[in-house]
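1. Build me a model from this:
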Amino acid sequence: MELSERLGLCPGRERIVSIVGAGGKTTLMYALAGEYARRGLRVGAGTTTHILRPAADGRVAVVCDGDPGALERALADGRIAVAGTPARGAPGKLAAPAPETLAWLAAHTDALFLEADGSRRLPVKFPNSTEPVIPDGTGRVIAVAGLSALGRPFDEVCHRAPLAREALGIPEGASVTPGIIARLLLAGYGRFSPTVLLNQADTPALREQGEQTAALLRAGGIEKVLILSLRQEAEITC
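-> Numbering: from 1, shown residues only. Have a look, this model is predicted:
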């Protein structure tokens, strides 16, 4: 079963998929986009915040000016059309494309995958009042958390840790537990009724703690929770 099927995605049913949280958003976005492209579908990707600019190759085309002609050529060639604008003061990063570019991609692709949250490459995240940036028309929100945070000092591995400690009553000096990850996801993203991906289940011990986290999430009302290692998935695929 492919990754999209395990996540319950169906091409054509969810035209825009927004990916939030931390611990593997970009990896997931390109894994899903690549899977759809291999099926012969027209696939767009990008961000509503910031992402690293991917290397343009036979699989990916980066279009920074929003030119519909360039986007159409990329899609017609079977490549993933990644749209964005150069991020000011951040060489090598892309910021959100213009609204009209996102609208064009939503109208001319079979699926548009968007990274809709920032995490500063940390494994877990708690959003502030302006996050995540979910565009209109989103049919599915996928919230990601990295199990590599487990057992580590909370302040070292959580983006916006002070905000999370204040909002959730997490004491200073706490280490990350399955309960803390579940609380971050439920309080931070539960309102979007997301599908949750617990990533970085790279060892049997992390998978076991991922199962504990998943049970807490389901008890909190999250219906779909997937536990896996995107890194190991990529190794199998290759």
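
2. Hmm, residue 37 is touching residue 60, no?
-> No - if you go by C-beta atoms under 8 Å, residue 37 and residue 60 don't touch, sitting 9.2 Å apart. C-beta coordinates here come from the backbone N, C-alpha and C atoms, glycine included.

3. more neighbours, the two?
-> When residue 37 and residue 60 are compared on other C-beta atoms under 10 Å, the one with more neighbours turns out to be residue 37, at 22 against 18.

4. Phi, psi for the residue nearest to that one when sequence neighbours are not counted please.
-> By the measure of C-beta to C-beta, 6 or more residues apart in numbering, the closest residue to residue 37 outside its immediate chain neighbours is residue 43, 4.8 Å from it. Torsion angles at residue 43 (phi, psi; degrees, to the nearest 10) stand at phi -130, psi 130.

5. list the contacts for residue 43?
-> In this structure, residue 43 makes contact with 33, 36-37, 75, 80-81, 109-113, judged by C-beta atoms under 8 Å, 6 or more residues apart in numbering.

6. partners of the longest strand that the chain contains, with directions?
-> Longest strand in the chain by number of residues (criterion: DSSP state E): strand 138-146. Using DSSP bridges, strand 138-146 pairs in its sheet with strand 16-21 (parallel), strand 195-199 (parallel).

7. Just put those strands in JSON lines and tack on mean neighbour count.
-> Below are the strands paired with strand 138-146 laid out as JSON lines (neighbours: other C-beta atoms under 10 Å):
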{"stretch": "strand 16-21", "mean neighbour count": "27"}
{"stretch": "strand 195-199", "mean neighbour count": "27"}
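
8. nearest to residue 47, of the ones you listed?
-> Ranking the strands paired with strand 138-146 by distance to residue 47, with C-beta to C-beta as the measure, places strand 16-21 first at 9.4 Å.

9. Give the next helix or strand downstream of the closest one.
-> Downstream of strand 16-21, the first helix or strand assigned by DSSP states H and E is helix 25-38.

10. For that next one, C-alpha coordinates in CSV please.
-> Only the C-alpha atoms of helix 25-38 are listed here, as CSV (Å, rounded to 0.1, in the frame of the first residue of the first chain):
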residue,chain,number,x,y,z
LYS,A,25,6.8,18.0,6.7
THR,A,26,9.0,18.7,3.6
THR,A,27,10.0,15.0,3.3
LEU,A,28,6.3,14.1,3.4
MET,A,29,5.3,16.7,0.9
TYR,A,30,7.8,15.5,-1.7
ALA,A,31,7.1,11.8,-1.0
LEU,A,32,3.4,12.4,-1.7
ALA,A,33,4.0,14.6,-4.7
GLY,A,34,6.4,12.1,-6.2
GLU,A,35,4.0,9.3,-5.6
TYR,A,36,1.2,11.1,-7.4
ALA,A,37,3.5,12.2,-10.3
ARG,A,38,4.6,8.6,-10.8
